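Student: The following block contains a protein sequence and its predicted model.
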Amino acid sequence: MTVQEVEQGRYRSPFYPRQAELDRLFQWHDWKGYATADGFYETDLEYFAIRNSTGVFDLTPMTKYRITGPDSFVFVDRLVTRDMSKIKPGRVAYAVWCDDEGQVIDDGTIFHLKDGEYRLCSQERHMAWLNMSSIGLDVTVVDETADVCGLAVQGPTSFSILKKMGLDGIENLRPFGLTHFEFQGAELMVSRTGFTGDLGYELWVSNEKAIDLWDALFAAGQNYGIMAIGTDALEHSRLEAGLIAAYIDFLPANATVRSGRSRSPLELGLEWLVDFKKPNFNGRCALAQEKRRGSTWRLVKLDIEGNKPAHHSYIYSNPRKKKEIGFITSAAWSPVCKQNIALGTVRVPHGAVGEKLLVEIYYQREMHWSRVMAEATVVDKPFWDPPRKRATPPGPF
Amino acid sequence: MSERYDVVVVGAGHNGLICASLLGKAGKKVLVIEANDQVGGAAVTREFADGYSVSSVAHLLYQLQREVQKDLRLKLDLATDGLGTVALSPEGNHVRLKGSEVSGVSKEDAAEYRNFCKRMMRFSDLLRTYLNKTPPRLAKDASRSDMLTLAQLGFDIRRLGKVEMREFLRLIGMNIRDEAVERFESALLRGAVCLDAVMGTHLGPRSPNTILTYLYRLAGTHGKISQPKGGMSSVTEALAHSARDNGVVIRTGMRVKRVIIDNGRAVGVETESGEVFSSRLVVSNADPKSTIMNLVGARNVETEFTHRIHHIRSKGNAAKIHLALDGLPVIEGVDKREFGDRFLIAPHDDYVERAFNHAKYGEASVKPVFEITFPSFRDASLAPTGKHVMSAIVQYVPYGLREGWSEKTRDAFQKLAIDTLADYMPDLHGRITAAELLTPKDIEDQFHISGGHWHHGELQFDQFLFTRPVGGAAQYAMPLDGLYLCGAGAHPGGGVSGAAGRNAARAILKAEKPV
Amino acid sequence: MKTYDAIVVGAGHNGLTNAAYLAKSGLNVLCLEKNDYIGGATVSRNLYKDWFYSNCSYVCSLLRPEIFRDLDLARHGLQVTPYGGGTVFMQNGDYLGNYPNAEVHYREYARFSKSDADAYERYSADTMRQCRFIRDFLLRTPPDPTSFRPKDLKELAHLGSKFFEMGEQRMYDTIRFWTMSVAEYLDEYFETDVIKAALSGSGIIGTALGIHSPGTAYVLLHHYMGDVDGNMGAWGYARGGMGSVAKAINSAFLSYGGELRTDAGVEQITVRNNKVTGVALTSGEEIKAPIVVSAMDVKRTFLKCMDKNDLDDDFYRRVKNFKIRGSSGKLNIALDGMPTFPALPKGSPLLDGDMHFIDSMERMERAYDDWKEGTWSKDPYVDMVIPTVCDPTMAPPGKHFMSCFVQYCPAQIEGRDWTDEERDQFGKTVIDQISEYSPDFKDLILHCEVRTPREIENEAGLTEGNIFHGELTMDQLMFNRPIPGYAQYRGPVGGLYMCGSSNHPGGGVMAAPGCNAAREILFDLRRPDITPVNFGDD
């Protein structure tokens, strides 16, 4: 028996040949074993493509599990905190899932593909957790990460591009809806979802159609400012949308080693995703108890004075007491909002909307480090939330 | 919904009956539902051949907690309450044990055995106190009574005194074989002590943890072994009687199909035949795996809990063999008057260990170990006049036999077991008129215990006290409102001790007390 | 006659560490070693031409970084280089690789099971949690749970608070982890036999228990709790072989003004009026000191080097019953070149790591059955490394040194001593096993040293050749180690201390027992504590 050695280097997505042609930066990093571009030409321009025209992000490394079987609904409904009976076939749910202690393992999207058939997409891998969750249920979970590739097509002109590509009826697709098209003899799934807080879609197709899809998309987008984007630009836009990311704003509970390092959905500002009316779901007991007793942490969106991004900053109460009350997890200057924005985690009772806090910012100018204590206001709405995101049918631009 | 009760108890094993009876006594309206036609679960007397009856699974009483007897004012009719033990030697130089006395060994061994027993009794007394309590939760926000129990445990261990406390902390994690070899010279005595420690477990004498199982065995009546008149059913019938006196309704021949759950709360049960009984609480005497995986369903509990329950180790290794005999067999060196005693076939600690080796690989022991009784010797009601029955526990007979249990594998093992017995009882073959072998698989099928394990789950540290049946659910309440566990799978474990049933009843009454 | 403040018996890494700290504190310290070389079981020996064998311990991870730093061992010449990779060769021609890159590791596991590949992350986190718990106690003296002294109560409270800090479910997990078998622990994560077999090895190394014996999950931890430069669970090679560790500690000891004598075996630790007076050497020479610290294991210390009349009967009996079972053997091999392993692709990074040849849980457990029957495993668990792929100093260029650690190998064969023929047969068993996966291996062997527990005991002085100075079972851990009531490094007579691996936290090239014993000695002498404290939070 001779054994094929497993691939030693990073995997390349099926879109890689096209990405490589566009790549000017040669900056790639690892995402679950795949080479993923930080950017292709210039982060700022890529970012503005998302906000002004259309950016295309390669979603292939996204972990994808197909869930089928007689108990598939019971399985997903028990897995996540929200009520999945409301997610009909053709709909997509943003959801979080917790361990029994009500601590978030990850967030992701669940596509109700057709009756009793789901696809779960997330940044991290969860086969072990899904298998554990399937004990005693008649359900099959298949990892199809390597079989399906995806592109996020995000930005105000995305709708026009898809229309131009010939996806008739796309105008009827509502946010968090999904639909199927025939694409060159194969099935193309399109969902109106994204990680940018703007008008946008995600396109899913089997690997062999990857290049054709890319070419068709870029041909259609030629006059609509279409541009391939990397993770850096996406990271900016997801922060503006107030979306959280694993390993940045929270840690998957089952990967934490120290006690108190994980977070519950209530602590991450995701209470709206927790449906206590459901009689059973993972973490229900613990979350109900937390709701009664109060949480320890609270995730806050901060509007910070000045223009110095508050990377990794400590947060203090205002007026400042000796001990810090939390820290910043994501921070950036938002070009589209002209705001200095951040996500942070603070100890309850701090962090009520409208509360003024202090943030200790270290910044560097010409190798000289300075420190400012900036006032930060807790806000409740996403920093960037344009009406075009929700409009159905979407406008042409 | 047809009838409404305060509590439905699933299963009329001895723990279910005790729990039901105590709840009834406290004024609850209780219904017990039993799948078999007889009450008693695995503590029953059954006729296995025409005119021959025997206690089917459990066959001796050594752990029935006096608190249970007191609370229920039980009066047990015992055929004998002080069985001796004869550790059989192939050569006929048997070793006889009774209480802390042993004969047939050197003077040093006899003295050492007395010391050993004394120490073991003291430790088992300490253990016994906690067998009769609900294990405390370990948590920063644990209740006052949890903290008190924990403090009490610490205090009780300290109260042993410096020397004994150190010995306790050392011994409690140890294996029985090292202790036996350190103390005794006699191979038979070592073998006997080792066998008592490993009986009913998936452990060999060299496995750490076997001191604990040995102490557990003593933690009732100090190793005093008795045989109820009429077999085990007389105990469970007495319990059923007590339950009925306390207003409990017992329905037999009715198998519960599922626990009915409404909005995250157990509100009754549905039987195989479709009958529905609604109640405020459901208490399961079934093992934790059956309870959660079959009766409740994974969909109604959370992932990690399900995973923990799923991983409870509950594959039995002990089989029962029952022989109908036309007369007592000959055992060289054993007087006919001694046949009321308990006989062990475990001539050496290594013999027991080797028997265990097979079980690790899913094979039955080639040279199995036995605990043998002739219950008809002291209780004529069990066999036709002049005839006798033999009841023996034999192991290791793994539930998960590699080649699977079939007629063929069962017959092969039965033959092997009888042949092994015949090594000690040369005329045995000729005296057998009927035989029954209950493998763990049969015990599972006939008594509805997952894995056919008489403890409903291995009795090892990782499945003991705080973590029995699983961590976070050791206080009898399951993580589903209205559902409790009262069987051997809950703390403290199996054996006809009744502690689980009694503790569960007390926990239920405490939790359900109107605030 | 020259007198000393303290005599340390045995120049193994713990004896030297202890001696170094005592000398650093300003005491006049003599360290005695029976062999003409130092290191005990932490040695590099030149037994064949230009080859240096790490002929007992062979890899380094447990050495406490606090001590490494505190004694300035880097300046004294110690360099530890991590190694990655590892392989289990399978009987069907396949193999399971343990790649240092996490993603490649995932892919390799996923080749067998995606669930297992994924579960590895959960397994690592759960095991790491236990490591963090235990690491806090490595440089602390175990409390005496029977005592009411403030020092003990404080330590006990510390233990309790660290435990409660973990959170409810983690506490239950911890109780389970400390008591269950490595096989059952792994069963809760993995489904693939070869993956479980690969991971279970750490649960039995140096241990007279099988993978199914309760308590072996802890032994696994004992092999995971070390680190190389903060990479917990990583293992490395000491440049120049393990002897470099002892050499560096010795150099530190000498730099503090300590005195070392080799070829100075101790016949007896002398006692008068229940206090030590010094030692008598095998040469007949007597050396006086008010403090004697034994780095030998407890059995050797009390049964061989002390007069029974100086010890109380109960203590003596307990020492006799201390479990220190020989269960491991060792082959040290000089190779003419790098052996090939055809199952692996050419140039595979796995070749740089450890290699194993048992691919199923059943084979693992059966290896133990042989030991129980009083013989060496006929299909043993071998932990094989070739340090010279990383370390150019141990063999001539192009040549290699191979170390094969073998589990199980009993101290005696069926209750009697080993014969030389049996030793050679034992060696052959191991070589044959490796040859099945490396056809050219046998031809490359230039020299082979086969060590059964007999050789290990005779040379390194470890009773029964037990690499941990005593089994790592619950009854011999923490406040039970080595003997209940004597877990604080103090012996049963005044001025006598114990600093070897028989003491908390146990064996491995950790140096923690040596350091902890020094702390207690300095405490008794009312001298400032100069021993390092845990770096914390890692």
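Tutor: Nice, thanks for sending it over. In this text the structure is predicted, and so the values were computed from the model without any measurement.
Student: centroid residue for chain A?
Tutor: With distances taken as C-alpha atoms, centre = their mean, the residue of chain A nearest its centroid is A:Phe195 (4.6 Å).
Student: surely that residue meets A:His236?
Tutor: No. Counting by C-beta atoms under 8 Å, A:His236 is not a contact partner of A:Phe195; they are 11.1 Å apart. Where C-beta positions appear, they are placed from N, C-alpha and C, glycine not excepted.
Student: Can I get the helix or strand that contains B:Cys19 as CSV, trimmed to CA atoms?
Tutor: Assigned by DSSP states H and E, B:Cys19 belongs to helix B:14-25. Taking C-alpha atoms only, helix B:14-25 is exported to CSV below (Å, rounded to 0.1, in the frame of the first residue of the first chain):
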residue,chain,number,x,y,z
HIS,B,14,-35.8,-2.2,44.2
ASN,B,15,-34.7,1.4,43.9
GLY,B,16,-37.9,2.4,42.0
LEU,B,17,-40.0,0.8,44.7
ILE,B,18,-38.1,2.4,47.5
CYS,B,19,-38.3,5.8,45.9
ALA,B,20,-42.0,5.3,45.2
SER,B,21,-42.8,4.1,48.6
LEU,B,22,-41.0,7.0,50.3
LEU,B,23,-42.8,9.5,48.0
GLY,B,24,-46.1,7.8,48.7
LYS,B,25,-45.3,8.0,52.4
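Student: Off-centre distance for it?
Tutor: With C-alpha atoms, centre = their mean, to the nearest Å as the basis, helix B:14-25 stands 18 Å off its chain's centre.
Student: do stretch A:285-304 as well
Tutor: Put simply, stretch A:285-304 sits 21 Å off its chain's centre (C-alpha atoms, centre = their mean).
Student: Stretch C:94-106 too?
Tutor: The chain centroid and the centroid of stretch C:94-106 are separated by 26 Å, computed with C-alpha atoms, centre = their mean.
Student: got the buried residues for the biggest helix by length in chain C?
Tutor: Using DSSP state H, we find that the single longest helix of chain C is helix C:114-138. For helix C:114-138, the neighbour count (16 or more other C-beta atoms under 10 Å in any protein chain shown) marks C:114-124, C:126-135, C:137-138 as buried.
Student: Just give the closest residue to residue 286, not the sequence neighbours.
Tutor: Because you didn't say which chain, this covers chain A. Nearest residue to A:Ala286, sequence neighbours excluded (C-beta to C-beta, 6 or more residues apart in numbering or on different chains): A:Gly102, at 3.3 Å.
Student: not quite, I wanted chain C
Tutor: C:Ala280 is the one closest to C:Glu286 (C-beta to C-beta, 6+ apart), at 4.9 Å.
Student: Near chain A, which residues of the stretch 301-450 of chain C are found?
Tutor: Residues of the stretch 301-450 of chain C lying close to chain A (C-beta under 8 Å from any C-beta of the partner chain) are C:Ala343, C:Pro345, C:Ser348, C:Pro349.
Student: ok, so of these, who is nearest chain B?
Tutor: Checking those against chain B by C-beta to the nearest C-beta gives C:Ala343 as the nearest, at 26.4 Å.
Student: got a list of what the closest residue to chain A within chain B touches?
Tutor: Using C-beta to the nearest C-beta, the point where chain B gets nearest to chain A is B:Ala298, with a distance of 2.8 Å. For B:Ala298, the contact set (C-beta atoms under 8 Å, 6 or more residues apart in numbering or on different chains) comprises A:Ile135, A:Gly136, A:Leu137, B:Ile292, B:Thr306.
Student: Now which of the residues you listed would you call buried?
Tutor: A:Gly136, A:Leu137, B:Ile292, B:Thr306.
Student: Helices - which of these land there?
Tutor: Going by DSSP H, the helices hold B:Thr306 from the buried ones among the contacts of B:Ala298.
Student: Determine which two of the buried ones among the contacts of B:Ala298 are furthest apart.
Tutor: Maximum pairwise distance in those, criterion C-beta to C-beta, is 12.7 Å, between A:Leu137 and B:Ile292.
Student: Wait, a helix at the residue nearest to C:Glu286?
Tutor: No. Counting by DSSP: H, G, I helix; E, B strand; the rest coil, C:Ala280 is not found in a helix; it is strand.
Student: residues touching it, list them.
Tutor: Going by C-beta under 8 Å, 6+ apart, C:Ala280 touches C:Val266, C:Glu267, C:Gln268, C:Thr270, C:Glu286, C:Ile287.
Student: ranges for the helices of the stretch 401-515 of chain B?
Tutor: B:407-424, B:428-431, B:440-447, B:499-511 (DSSP state H, counting those that start in this stretch).
Student: Give me the sheet partners of the helix or strand containing C:Asn332 and which way each runs.
Tutor: Using DSSP H and E, C:Asn332 maps to strand C:328-335. Within its sheet, strand C:328-335 is paired with strand C:400-407 (antiparallel), strand C:445-451 (antiparallel), according to DSSP bridges.
Student: Give me the secondary structure label for the residue most central in space within chain C.
Tutor: The centroid of chain C falls nearest to C:Gly508 when counting by C-alpha atoms, centre = their mean (2.0 Å). Secondary structure, three-state DSSP: C:Gly508 is coil.
Student: Contact partners for the residue nearest to it when sequence neighbours are not counted?
Tutor: Closest residue to C:Gly508 apart from its sequence neighbours, by C-beta to C-beta, 6+ apart: C:Leu62 at 4.0 Å. Applying C-beta under 8 Å, 6+ apart to C:Leu62 gives the contacts C:His222, C:Met225, C:Gly226, C:Gly508, C:Val509, C:Met510.
Student: repeat for A:Phe397
Tutor: For A:Phe397, the contacting residues are A:Pro156, A:Thr157, A:Ser160, by C-beta under 8 Å, 6+ apart.
Student: go on, C:Leu71?
Tutor: C:Leu71 neighbours (C-beta under 8 Å, 6+ apart): C:Thr17, C:Ala20, C:Lys24, C:Ala248, C:Ile249, C:Ala252.
Student: and if you look at C:Gly470?
Tutor: Applying C-beta under 8 Å, 6+ apart to C:Gly470 gives the contacts C:Asp297, C:Val298, C:Phe322, C:Lys323, C:Ile324, C:Gln476, C:Arg481, C:Pro482, C:Ser501, C:Ser502, C:Gly506, C:Gly507.
Student: quick one: which of these is most hemmed in?
Tutor: Neighbour counts for the contacts of C:Gly470 peak at C:Ser501, which has 34 neighbours (criterion: other C-beta atoms under 10 Å in any protein chain shown).
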